[in-house]
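J.: Any chance you can model this:
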Amino acid sequence: MNKREAMFRVLDGTLPEGYTPAAFFLHFDPEYHRGKPAVDKHLEYFRYTDMDFVKIQYEHKFPVIEGIKRPEDWAKLPVYDRNFFAAPLEVVKGLVESAKAEALIIVTLYSPFMCAGHASADGLLTEHLRQDPEAVKPALEAATASLLNFVRGCIDLGVDGFYT
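T.: Numbers count the residues shown, from 1 in each chain. Here you go, the predicted structure:
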């Protein structure tokens, strides 16, 4: 029984007693955030820890948008298409191709709030939400639409699920 089979047996309640699936997460150094180095580091960590599934770290922040000073400035946050997510999708593709036969592939998915927050100074999103939630709402809608583009890309590549 490989890790993939074990996790499906957990889900259907047929995993033998005495086996407790486990996973451990951490963020890798920046040189392992993109491309083959990211794929290789995820696989190394998965195999070294003997985890029960591959959890892909999300290391792709929304860019800072200059000029967000007031709640209404959040309307500047665009909807990012799949091209924006090319680098993390490349990592997803590499890990699906390398490890899906032996383990579930789970992608970390940050919230729209967290992603939108990357577009400004620390705490500004929360402050502006308190001041005028309706003015900030378009940014959260744009972040949600952007993340859905990423999610669809991940699904198309064959991931098994998401860790939120």
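
J.: contacting residues around Glu90?
T.: Shown in contact with Glu90 (CB atoms under 8 Å, 6 or more residues apart in numbering): 34-35. Bear in mind the C-beta positions are built from the backbone N, C-alpha and C, glycine included.

J.: 10 Å instead?
T.: Under the criterion of CB atoms under 10 Å, 6 or more residues apart in numbering, the contact list for Glu90 reads 34-36, 38-39, 157.

J.: Please apply the same query to His33.
T.: 27, 41, 57-60, 87-88, 91.

J.: any idea which of the residues you listed has the most stuff around it?
T.: Neighbour counts for the contacts of His33 peak at Val91, which has 26 neighbours (criterion: other CB atoms under 10 Å).

J.: wait, that residue sits on Ala99?
T.: No: applying CB atoms under 10 Å as the test, Val91 and Ala99 come out as separate, 11.8 Å apart.

J.: intersection of neighbour lists for the two?
T.: The contact sets of Val91 and Ala99 overlap at 39, 42, 56 (CB under 10 Å, 6+ apart).

J.: Distance-wise, check Lys61 relative to Val92.
T.: Plainly put, Lys61 is 17 Å away from Val92 if you go by CB to CB, to the nearest Å.

J.: More neighbours: which of these two?
T.: Legend: neighbour count by other CB under 10 Å for Lys61 and Val92, higher for Val92 (25 against 12).

J.: Would you agree the more buried one falls within a helix?
T.: Yes: per DSSP: H, G, I helix; E, B strand; the rest coil, Val92 lies within a helix segment.

J.: who's in contact with it?
T.: By CB under 10 Å, 6+ apart, the contact set of Val92 is 38-39, 56, 58, 85, 105, 107, 150, 153-159.
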